[in-house]
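> The following comprises the amino acid sequence and a computationally predicted model.
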Amino acid sequence: MVEESFTLPLRPPTRRPSNPDSLATRIAQINAQRGSFRNVTEEGLQTEIDTLQAAGLTGDEEEEPESCDTKSPDRLEQLYKSRMEIIQFAAQAHAEATYALDFVSLLLSKHTPRQAEISMSPILKQKAPLGSLDVDVIKQPEQSESSKKDIDTVSRGWKLENFDCAANKILKSATRLEEEVAAETKYWAEVLSIKEKGWKISRLPRERQTLGVHFGLLEATPIFRDRGLAALRRANGGDLLLDQGLHVNRPRAMRVRVQENGHTVGSSPVKGLPSQPENLVESRIRHARDSLYEEELFHELNREARALLQHGIETKHNLVQFKASDTQQILIDLVDLNNPDLDVYEMSKSRAEDNLAESLATSLRILLSYAHRQNLRRRTQIPPPLKAGKRPTPEFPLLGPIVCFLQHRSEFQWMRSFLDDLRGTLKSAGLSFWYTASPASSINQSNPPSRSTPPPQPPSPIESLVSTFIGPMESFISGTFLSETSGFRLRISTHVAPNGYGTEFELFTNLPCMPGTNTTAPQRFGLRSELQDYMLYLFTIDLVYLIPPLSGNVNSPVAQTTHTHSHFRADTDDDEEDDIEDTASQPLFHLSSLSTITTYLAAWEPTFAKYGELTAYCPSRRRTKKLRVDLRRDRLVLRSGWVGGSECEGDEEGVDRVGRGGAGMVTDGKGAIAYVWRPGTGEEEEEEESKVKIDDGSEGEKSLQSVVLLMGAKDV
C-alpha cells in the first residue's frame, strides 16, 4: 500500500429539485405539520412569529416588502393559475364527499328509507331505487381435517420453495458481489498503478462520477490541452479502458525527409504501432500522448510557416517544405501510423542524410518543449496591464531557428567555397592570400528587465542551451587581399522571423591603393551575386596595382629588363623590327622558347583600375600598349594589345579550351594575346606546381610575373 490514501465517496449526491412543489403537495405538507386549517388562526400565527423574532431566529429570513413595480404580468398570471388550482381541488373534494354520502345513503335505504332519502342526491334517486343495495354477514364454512392438512402441506411446500428461491438469489447475489469486488479491486489497482507512475488522475468535468487521466500538456494551446484528458472506464472483467471520446484522431507522427535533386536521401525514423494490441493501459496512454504531441507540433509548424512565407517556406495540405541549401530540400509531413501504405521497413533503411533528418526532427520536438516552458514561465510572472483589444497569440519559434541555422550554414559554406576557388585560381598564377573563418554563434537579443518589474528567475542550463539556438546567427571571415597591407572582414548574419531580413553580408575593407574603401561604414549585401561581384572587383583592383612591382619596372622612361632563359635574341636591328608583326601573328608563344625577354615598354600604370586596365608606352613604336585583367571565380585572364588595335577579346573559345588545372596562351593572329589560368583540382594543386606543355617537350612556369614580362617584350 502507498502512504498517500485515495478516498472516493460512492453515495449519490443530494440535489435540490429544480421544479417547485405543486399546490397539492404543499397542502399535504401543511396538514402533516400543523393539522387541519381549522386549527390555524391569525392570532396564533402572529404569536409564533413574534416568538421567533424575539429569539433572533428569523432575522435573516425577513423579506423586503415587494414594491408595486415588481408585480409584473407574469406574477398576476401565476396568481390566477394558483386560484384555479385551489378551486379545482375544492370541487374534486366536494364530488368525492358527495359520492361517499350517496353510497352510505343507498346502503341505509334498505332499512330506513325515509331518513336515507333525505341525504341522497337527485341523480341517485333517479338512477337507483331505494333498498337496491344491502349488506349481509356470511359465515365461513367449516373445513374438514383432510382439507386443513392439505392446506398446511401446500403452504409448507410454498414456503420451502420460496426459501430455496431466496437462498439461490442470495447465492447469486453473493457470487455477483464477489465478482464485483474482484473487478473493482482490479480496476482500482490499475488506477493506483497509473497514479504511482506519475500520471495525473482527476474527475471528468462533465461526469463527476468518472475518473480521467491527464496525458496532455497544460501549456499547450487550448484545442490540444482539452484533448489531453481521457476517461478511465471499467470493463466487465475489471480491465481498465481508456476512453478518449467520440472524436478521436488516428495515431499520427511527424516525419522529416531530406531530398536532393528530387530524390530522398534521408528520413527521420517513425516508430510504428505494435503488431499486436497491447493490454497495458500505460502504453496506450503513452501512445495517445505522443500522437497528441506530434499533432500539436505539426499544427504549430503550419501556423509559423504561414508567417514565414517570405523566407521561402511553402505549406500545402499536409506538408511543410523549405530549402536547406542549393541542392537540398527539407520536407515535413504528418503520417498516419495505421496507413497500410506506410512502409516502416523502407523508412528504416540507412541513407546518407538520415542523421540530418533525425537531428531536425529532434530539434523541432525540443523547441516545442522549450516553448511550453516559456509559456509556464510567462504565466508565473506578473501579467501586463489589461487592454481593450484581445492580446494576440504569437507563434512558437520552431521553424525559424531551423531555417536560420540551415540557411546560415549554406551561406557560410558558399562563402568559404568561393574564397577557396578564388585562392586556387590565384595560386595557379603564383599569387596567394589567406583568410580565417570563425564558427557560427548566436546573437543575444534579450531585453534588460525594467525597474518596475522584479527580475525573472534564472533559466535552467537546458533552457540556456536552447536559447542560444533561438536567436539570429552570425559568423565572421577575416583575410587579406593580394597585397600584404590590405585586408577585409566579412560578417554574415542570418535572422529568420516574420519581420526578419534573412541573410545579410557586411564587408569591411582596407585597400591602401583605394582610399575610398578605407571607411568604417561597411558595405551591405543581400545577395550572393552582389557580394561575389564586389569581392572580385576589389581583388581585381588590388591585382592591378600589384602588376607594376611584379613587372620589374625601374624609374627610366624605357626599362630594359633581361631575364635569362634559353636562346631568344635581344639584339634586334631595324630590319628585324619590321618582322615583329609577322612573329606576333603566330598562334601560340611558348615561354621556354624565350632565351632573353627584353622589355621595351615604360612602366605599367593603372589607368582604369576599376575596369582592370593598365597602360604602358612603347617609345620604339610610339604606341601605347594596354593590359586588361579579367578575374573570375574559376579563371584569371590577362589580355594584352595595342591601344586602338585588337585586344584578343573575341577568341573566347580559345580561353574556354584551357581546362581546369591548366594554363595557356591564346592569340587572335593580329598581335593581341591572352593568357589564362584556371585552378587545379585535388591534391595535385597542393603538391606540385602546374606546368604548361609546349611543342618541343619542355615545360614553363605559369606565373603572373613571367607572363607580364612576356607581354612587355618587343616582339609581343
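Looks like it came in fine. Fair warning: this is a prediction, and the values are worked out from it, not measured in the lab.
> now the helices: where do they sit in the stretch 101-250 of the chain?
Under the criterion DSSP state H, counting those that start in this stretch, the stretch 101-250 of the chain contains helices at 113-119, 122-127, 145-196, 222-225.
> so what does the second one touch, helix or strand wise?
In this structure, helix 122-127 packs against helix 73-108, with contacts taken as 3 or more C-beta pairs under 8 Å, 6 or more residues apart in numbering; DSSP states H and E. From N, CA and C alone the C-beta is placed, and that goes for glycine too.
> Can you show me the helices along the stretch 401-550 of the chain?
461-470, 528-550.
> List the buried residues of the last one.
I take that to be helix 528-550. Of the residues in helix 528-550, 528, 531-532, 535-536, 538-548, 550 count as buried by neighbour count, 16 or more other C-beta atoms under 10 Å.
> count of neighbours near S483?
For S483, the neighbour count with other C-beta atoms under 10 Å is 16.
> Then N375?
16.
> Equivalent analysis for A674, please.
Neighbours of A674 (other C-beta under 10 Å): 25.
> Can you classify it by secondary structure?
What DSSP: H, G, I helix; E, B strand; the rest coil gives for A674 is strand.
> So it sits against L636, correct?
No: using C-beta atoms under 8 Å, A674 makes no contact with L636, being 10.8 Å away.
> related to what we said a few turns ago, generate TSV for the helices of the stretch 101-250 of the chain, with distance to L367, mean neighbour count and mean pLDDT as supplementary columns.
Listed next are the helices of the stretch 101-250 of the chain as TSV, based on distance: least, C-beta to C-beta, whole Å; neighbours: other C-beta atoms under 10 Å; pLDDT from 0 to 100:
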stretch	distance to L367	mean neighbour count	mean pLDDT
helix 113-119	98	12	88
helix 122-127	93	12	89
helix 145-196	29	12	92
helix 222-225	16	13	84
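> Quick one, which of those helices gets closest to I86.
helix 122-127 (25.9 Å; C-beta to C-beta).
> Dump the C-alpha coordinates for that closest one into PDB.
This file holds the C-alpha atoms of helix 122-127, laid out as PDB (Å, rounded to 0.1, in the frame of the first residue of the first chain):
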ATOM      1  CA  PRO A 122     -81.300  13.900  -7.000                       C
ATOM      2  CA  ILE A 123     -79.300  12.000  -9.700                       C
ATOM      3  CA  LEU A 124     -79.100   8.900  -7.400                       C
ATOM      4  CA  LYS A 125     -82.800   9.000  -6.700                       C
ATOM      5  CA  GLN A 126     -83.500   8.900 -10.500                       C
ATOM      6  CA  LYS A 127     -81.000   6.200 -11.300                       C
END
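> so how far is it off the chain centroid?
92 Å (C-alpha atoms, centre = their mean, to the nearest Å).
> With stretch 257-277 instead?
The answer for stretch 257-277 is 19 Å, by C-alpha atoms, centre = their mean.
> Now do that stretch, average pLDDT.
The pLDDT scores in stretch 257-277 average 79.
> which parts of it are buried?
By 16+ other C-beta under 10 Å, the buried positions in stretch 257-277 come out as 257-259, 265-268, 270, 272.
> Nearest to T25 among those residues?
G272 (64.4 Å).
> from memory V676 sits against V637, does it?
Yes: counting by C-beta under 8 Å, V676 touches V637, with 5.2 Å between them.
> Neighbour count for these two, which is higher?
Between V676 and V637, V676 has the larger neighbour count (other C-beta under 10 Å), namely 25 against 21.
> Do you have the strands of the stretch 251-400 of the chain handy? List them.
252-260, 263-267, 314-315, 319-323, 328-336 (DSSP state E, counting those that start in this stretch).
> any chance of those in JSON lines, plus distance to T185?
Output for these, formatted as JSON lines (distance: least, C-beta to C-beta, whole Å):
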{"stretch": "strand 252-260", "distance to T185": "36"}
{"stretch": "strand 263-267", "distance to T185": "47"}
{"stretch": "strand 314-315", "distance to T185": "52"}
{"stretch": "strand 319-323", "distance to T185": "49"}
{"stretch": "strand 328-336", "distance to T185": "38"}
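> among these, which is the most enclosed?
Most buried of the strands of the stretch 251-400 of the chain by mean neighbour count (mean count of other C-beta atoms under 10 Å) is strand 252-260; its value is a mean of 21.
> Okay, now the sheet partners of that strand, with direction.
strand 263-267 (antiparallel), strand 328-336 (antiparallel) (DSSP bridges).
> Can you say which of those is nearest to E207?
Nearest to E207, of all these, is strand 328-336, at 30.1 Å by C-beta to C-beta.
> Include distance to L398 when you put the helices of the stretch 101-250 of the chain into TSV, please.
Output for these, formatted as TSV (distance: least, C-beta to C-beta, whole Å):
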stretch	distance to L398
helix 113-119	96
helix 122-127	91
helix 145-196	31
helix 222-225	15
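> L242: which of these is closest?
Closest among these, using C-beta to C-beta: helix 145-196, at 9.9 Å.
> how much space between N31 and N39?
As judged by C-beta to C-beta, to the nearest Å, N31 and N39 stand 10 Å apart.
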